[in-house]
Structure formats: C-alpha cells, structure tokens
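Colleague: could you look at this predicted model? Sequence included:
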Amino acid sequence: MSLKGLFRFPASRLSRRIALWIFFCIVLIETLIFIPSYKNREKELLSQLKDVSAARVALLMEIVKPDAGDDELFQHILKLQNDKVVIGGALYGADGRKIGEFGEMPGLMIGDVKPAGMTFMLSQDGTRYDIACSPVELKRDYRLILRHDSTSINDSLLEYFLRITGLVVIISLVLTVGTWLTLRWIVVNPILNLRQDLVRAGEALSHDQQNPEFYSATVQRNDELGEVIGAFRQMYRQIADAINERKQAEVALQASFEQVESYSRELNDELEKGRHMQINFLPGQLLQLPNWETAAYFKPARQVAGDFYDVFQVSGGGFGFVVADVCDKGVGAALFMALFRSLIRIFSGQTSLNGLPLTCSDARLDEKDDYVNNPSVDPTHVTALKAIHLTNNYIALNHGDLAMFATLFFGILDPDSGTLSYINGGHEPIFVLGPGGGVKERLAPTGPSVGVESNISFKVQQSHLEPGDILLGYTDGVVEANAADGGFFTMERLVATLDAPVSSAAELLDRIAAGLQDHIGEADQFDDVTLLAVRRIP
C-alpha cells in the first residue's frame with residue numbers, strides 16, 4: 001500500500017467507525033483493569049507510610065521509660081515532628097483528655113479511635129493521612145494521633161497513572177492502525193465495489209437495461225460478505241422479474257382504477273341526489289303565522305343525515321312542529337328519517353296505514369294522564385299527538401329487526417292562546433326562553449324513544465308561551481359537538497349562550513351556530529346539528 005493510500009484510508013466511514021470502536025473498547029478494557037490496580041497501588045503506598053510511622057513510634061516507646069509522666073512522654077513525642085513526613089499530632093490520656101498537641105492538628109478525632117489496633121483516615125484531597133495508635137501499640141494507657149504529609153504519595157500515584165496511560169494509548173493505537181490496514185483490503189474495498197454495483201443496478205432498472213455488468217459477478221467469497229454479494233445478485237434478478245410483472249399489473253390496475261372511479265362517481269351522484277331529496281323532505285319555507293316567527297338551522301355531518309325537523313298545520317287551526325334524531329348516521333338513518341317524518345304527518349292528519357287504526361282517535365295514550373280527560377286540553381291536539389303512538393307501533397312491528405329508533409319532540413301549538421301540548425319521546429329537554437333571555441322552562445321527556453317497543457304509553461304534557469317567549473328545539477349534535485381536542489360543546493355552554501336576550505328566532509339560531517363553529521374550529525363534524533326556534537311576537 002502506498003503512503004498516499006494509507007492516509008486516504010481513514011476517509012472510509014465504515015472502517016473509521018470500526019477502528020474507533022476497537023480503540024475505545026481497548027481503552028475501556030484497560031481502564032477497567034487500571035482502576036483496581038490504581039487503588040491497590042494507593043493502598044500499598046499508604047501501607048508503607050503506616051509501617052514507617054508505626055516503626056518510629058515503636059522505637060520511641062522503647063526509649064521512653066515505662067513509668068514516664070505525661071509531660072515527659074509528650075516531650076519525647078515532639079521528636080517525631082522532626083521527621084519530614086509527620087507534620088502534627090496530639091497525645092491523649094486514657095480518659096480521652098488531651099495532654100498536648102503539636103504542628104498541624106489531625107482531622108481524626110479521639111472518639112473515632114479504635115480501643116485496640118491502629119485507626120487510619122485519608123483526607124478528601126489525599127494530601128493528609130492520619131494514623132491513630134492505641135494503648136496496644138504504645139504499650140501504655142495513652143492514645144496518639146499523628147498527621148502525615150501524603151503529598152509524595154499523590155505524586156507517586158500521578159507518575160504511575162501517566163506511565164500506565166501512555167502504555168494503554170500505545171497499545172490501542174497499534175491495534176487500531178492494524179485494524180485499519182486489515183479492513184481496507186478485506187472489507188472496505190469489496191463493500192465500495194458492491195455499492196457501485198447497487199448504483200449500476202438502479203440505473204439499469206430505471207432505464208430497462210438488460211444484463212448490466214457487475215463487479216460482484218466475478219467475485220467468489222466463502223464468508224459473510226460473499227453471502228451478501230450472492231444475495232445482491234439474487235435480489236437484482238428478483239427485482240427485474242418483479243418490475244416486469246408490475247408493468248403488466250399496472251395495466252390491469254389502471255383499468256380497475258378507472259372502473260372504481262366510475263363506480264365512485266356514480267355513487268357520489270346517487271348520494272348527492274339523496275341529499276337533495278332529503279333536503280326537499282324538510283320544509284322549504286317554514287310556516288309563518290300571524291304574531292309568530294319560526295326559524296330552523298340544519299347541518300348534516302355527512303351527505304345525508306338522520307336528523308330532521310318539520311312544521312305543519314293540523315286540524316283545528318293549530319300547527320305542529322317536530323325535532324327528531326334517528327339513531328346512527330348515514331344512508332340508513334336518512335331512510336328512516338323520511339319514514340318517521342311521513343308517518344308523523346300522515347297519522348297526525350287522522351289517516352290509516354298498513355292495518356293500523358283508521359284514525360288517531362283509536363290510538364292509545366296513557367289513560368292515567370290527566371290531560372286525556374282534561375277539558376282544558378284541545379281534543380284536536382290530543383288526537384294529533386296520538387300520531388307518536390301509531391308511529392312507534394308501526395316502526396316496532398314492521399322494522400323492529402333493524403333496531404332503528406328515534407328520539408323526538410312533537411308539539412301542537414294553539415297560535416291564538418299560546419298553549420302548547422307536546423310529547424317528548426326520549427329527546428333532549430326542549431327549552432322555553434323568556435323575553436329577557438335565559439331558560440324559563442325545560443320540557444323534559446314524557447316517554448321513551450320512538451320505535452323501540454310496540455304499545456308503549458306516551459304522556460301528553462302542556463306548557464304555555466307568553467308574548468316574547470321562544471321555544472327552542474335541538475338535537476344532541478349540538479351539545480355533543482366535538483372540538484379538535486375532543487371536548488364537547490356541553491349543555492352548560494348551550495344554556496350560557498341563551499342567557500342574553502334576542503330580537504328574533506333567527507338571531508338566536510345564528511348565535512348558537514356561531515358558538516358551535518367557534519368550538520368545533522377545524523375539527524370534522526361528528527354528528528348532525530339541527531335547531532328549531534318558535535317565537536311568539538310580543
């Protein structure tokens with residue numbers, strides 16, 4: 001290998017990573033070995049210092065008379081300070097009383113000294129080493145604590161550290177350079193050639209080139225890299241075959257896609273027709289009577305919806321209005337919406353259908369309800385409201401297996417007196433708002449959902465609208481409107497929206513719709529939204 005090639009070699013990212021990994025592994029292994037060796041060396045040097053100090057103390061104790069007093073003993077102890085290693089100390093009596101001290105005061109306290117044997121303490125910075133001798137070492141009932149200068153030990157440890165570190169770096173560099181040299185010929189060059197083959201393969205496939213020349217076609221290796229090269233040749237053949245098959249499949253797929261697009265357009269056209277038909281089911285122009293104002297808001301979540309509202313005249317001069325929500329959404333709910341609307345209109349007009357009673361007067365309401373025999377309730381209202389019972393029976397008996405039902409509010413209003421007779425079949429409470437705003441009355445459910453089970457009783461209740469009052473009907477798509485964070489609009493927020501007074505029913509619905517739009521924001525509408533307002537003009 002030339003010198004120029006040797007310097008160019010580390011530019012290979014793979015070899016550089018492998019070599020650096022090997023280098024760091026060697027350094028890590030040597031570090032793990034060095035740490036306990038360093039600790040052992042430190043213990044060895046401290047042990048030498050301890051042995052020297054213990055020997056000097058023992059020699060001094062041999063010189064001192066056994067019956068020497070405290071002052072005489074301390075004067076002999078002061079001779080230890082002449083040593084360059086001992087820089088201070090303190091002598092204590094048997095009762096822990098300090099007899100004297102000299103030089104730098106030891107950090108080891110008398111309370112930490114063992115009753116027998118020697119006690120040791122190394123300072124945090126490693127420059128001071130305290131050794132305490134018990135009566136056993138002193139051969140008399142005293143305790144001696146000596147402070148030693150261990151700076152020379154730190155110097156020795158630093159020298160030891162640098163010597164070992166240099167050796168580790170040399171070994172790591174030698175092994176790393178050897179790895180670099182080996183990887184170039186055994187791994188890196190074949191991989192670079194294989195990379196060029198991959199580039200040629202991509203160009204050949206993109207230009208439909210047949211039988212391109214590859215370096216890997218001439219290489220035979222019995223190792224893992226040889227298996228990779230063989231896998232590359234097999235992969236290229238498989239991809240080439242797959243591309244040919246894909247081209248054939250694309251032709252068939254394009255034809256299928258065009259057919260699906262045609263079906264999709266036809267389906268969308270049918271749904272759009274269904275949407276227009278459903279909109280036509282709703283009142284094109286709301287019934288407006290003298291001294292009364294009606295307004296509606298309808299926004300489906302899909303092309304067709306299960307919500308509906310209706311306003312129509314009934315016999316006897318009153319007019320009926322409906323707010324309903326068929327379970328589920330989409331086409332099925334829209335079909336049942338049309339069925340519910342038609343049944344209510346037919347039955348409230350005293351008509352028969354499919355073997356049911358010929359007139360609404362034959363339908364049964366809850367006989368326990370005082371309104372049935374109450375002369376204050378307009379008989380024509382009660383007759384029209386019997387349409388709910390007939391509709392319930394028809395849906396339950398003829399379509400019960402589909403488990404489709406609706407929650408609805410059906411009210412009959414006397415425009416002259418403002419008297420309201422109604423049935424609430426499992427629907428949200430309908431609000432009566434006062435002229436100054438705020439909820440004046442809540443018309444709660446008087447019976448279950450319509451269509452769940454046949455022969456269910458629905459009670460008729462009454463209310464009264466004063467001049468300026470507004471009757472507000474809505475579906476659960478209002479209170480359960482979802483924001484982007486998943487939070488509902490909630491009943492509390494709807495009620496708060498109704499607190500301020502309004503000058504018209506349309507203004508009220510515009511305010512609610514604006515609040516809903518602010519709450520929903522950019523989120524997809526989850527459920528149909530329907531609002532109906534009836535206002536008695538003062």
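Modeller: Perfect, I can see it now.
Colleague: in this structure Ala204 contacts Pro212, no?
Modeller: Yes: at 4.1 Å, Ala204 and Pro212 qualify as touching, with contact defined as C-beta atoms under 8 Å. All C-beta spots, glycine's among them, are computed from the backbone N, C-alpha and C.
Colleague: which one's more surrounded, these two?
Modeller: Between Ala204 and Pro212, counting by other C-beta atoms under 10 Å, Ala204 is the more crowded of the two (17 against 14).
Colleague: phi, psi for the more buried one please.
Modeller: Geometry field for Ala204 lists phi and psi as phi -70, psi -40, criterion degrees, to the nearest 10.
Colleague: does anything pack onto the one helix or strand Lys247 maps to? Which helices or strands?
Modeller: In this assignment (DSSP states H and E), Lys247 forms part of helix 224-281. Packed against helix 224-281 by the contact rule (3 or more C-beta pairs under 8 Å, 6 or more residues apart in numbering; DSSP states H and E) you find helix 189-206, helix 331-348.
Colleague: most packed of the ones you listed?
Modeller: The highest average neighbour count among the helices and strands packed on helix 224-281, using mean count of other C-beta atoms under 10 Å, belongs to helix 331-348 at a mean of 21.
Colleague: outside of the strand or helix carrying Phe120, which residues touch it?
Modeller: Assigned by DSSP H and E, Phe120 falls within strand 119-122. Strand 119-122 is touched from outside by 46, 50, 107-108, 112-113, 128-132, 134, 150, with contacts defined as C-beta atoms under 8 Å, 6 or more residues apart in numbering.
Colleague: narrow those residues to those in helices?
Modeller: Mapping those onto helices (DSSP state H) picks out Leu46, Lys50.
Colleague: which of the contacts of strand 119-122 are buried?
Modeller: Leu46, Leu108, Val113, Arg128, Tyr129, Asp130, Ile131, Ala132, Ser134, Ser150 (16 or more other C-beta atoms under 10 Å).
Colleague: what's the burial count for Asn392?
Modeller: Counted with other C-beta under 10 Å, residues neighbouring Asn392 total 27.
Colleague: ok, now Thr419?
Modeller: Thr419, neighbours per other C-beta under 10 Å, totals 18.
Colleague: local confidence estimate at it?
Modeller: For Thr419, the pLDDT comes out at 94.
Colleague: would you list the phi and psi of it?
Modeller: Backbone geometry at Thr419, expressed as degrees, to the nearest 10, gives phi -70, psi 130.
Colleague: against Ala444, how distant is it?
Modeller: 18 Å (C-beta to C-beta, to the nearest Å).
Colleague: ok so, going back, narrow the buried ones among the contacts of strand 119-122 to those in strands?
Modeller: Arg128, Tyr129, Asp130, Ile131, Ala132 (DSSP state E).
Colleague: tell me the contacts of the nearest residue to Pro467 once chain neighbours are set aside?
Modeller: Distances taken as C-beta to C-beta, 6 or more residues apart in numbering place Pro538 nearest to Pro467, at 3.9 Å, with adjacent residues excluded. Going by C-beta under 8 Å, 6+ apart, Pro538 touches Pro435, Pro467, Gly468.
Colleague: now render those residues as TSV, adding secondary structure.
Modeller: Below are the contacts of Pro538 laid out as TSV (DSSP: H, G, I helix; E, B strand; the rest coil):
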residue	secondary structure
Pro435	coil
Pro467	coil
Gly468	coil
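Colleague: can you pick the most crowded of the residues you listed?
Modeller: Pro435 (16 neighbours).
Colleague: wait, isn't that one in contact with Gly468?
Modeller: Yes: at 2.9 Å, Pro435 counts as touching Gly468 under the criterion of C-beta under 8 Å.
Colleague: doesn't Arg221 fall inside a strand?
Modeller: No: checked against three-state DSSP, Arg221 lies outside a strand; its state is coil.
Colleague: pairing partners for the strand or helix carrying Ile99, with directions?
Modeller: For Ile99, the host element (DSSP H and E) is strand 98-103. Paired with strand 98-103 in the same sheet, following DSSP bridges, are strand 86-92 (antiparallel).
Colleague: on that earlier part again, figure out how far the strand holding Ile99 is from the centre of its chain.
Modeller: Its chain's average C-alpha position is 69 Å from that of strand 98-103, according to C-alpha atoms, centre = their mean, to the nearest Å.
Colleague: report the buried residues of it.
Modeller: So for strand 98-103, counting by 16+ other C-beta under 10 Å, buried means Ile99, Glu101, Phe102.
Colleague: how close does the residue nearest in space to the middle of the chain sit to Gly521?
Modeller: When C-alpha atoms, centre = their mean is applied to the chain, the residue found nearest the centroid is Asp485 (11.9 Å). Distance, Asp485 to Gly521, by C-beta to C-beta: 9 Å.
Colleague: can you check Gly447 too?
Modeller: Taking C-beta to C-beta, one finds Gly447 at 37 Å from Gly521.
Colleague: looking at these two, which is more packed in?
Modeller: Gly447 (21 against 10).
Colleague: for that one, what are its contacts?
Modeller: Contact partners of Gly447, counting by C-beta under 8 Å, 6+ apart, are Ile388, Ile423, Asn424, Gly425, Gly426, Ile456, Ser457, Phe458, Lys459.
Colleague: same thing with Leu289?
Modeller: Counting by C-beta under 8 Å, 6+ apart, Leu289 makes contact with Phe319, Pro415.
Colleague: cool, Leu20 as well?
Modeller: For Leu20, the contact set (C-beta under 8 Å, 6+ apart) comprises Thr176.
Colleague: with Met404 instead?
Modeller: Taking C-beta under 8 Å, 6+ apart, one finds Val326, Cys327, Asp328, Gly332, Ala333, Phe336, Ile395, Gly451 in contact with Met404.
Colleague: wasn't it part of a strand?
Modeller: No: counting by three-state DSSP, Met404 is not found in a strand; it is coil.
Colleague: next, the distance between the ends of stretch 319-334.
Modeller: 25 Å (C-alpha to C-alpha, to the nearest Å).
Colleague: can you check stretch 98-108 too?
Modeller: This stretch, stretch 98-108, spans 13 Å end to end (C-alpha to C-alpha).
Colleague: next: stretch 111-118.
Modeller: 13 Å.
Colleague: and it, how far out from the chain's middle?
Modeller: Counting by C-alpha atoms, centre = their mean, stretch 111-118 comes out at 61 Å from the chain centroid.
Colleague: what are the buried residues along it?
Modeller: Of all the residues in stretch 111-118, those buried under the rule 16+ other C-beta under 10 Å are Val113, Met118.
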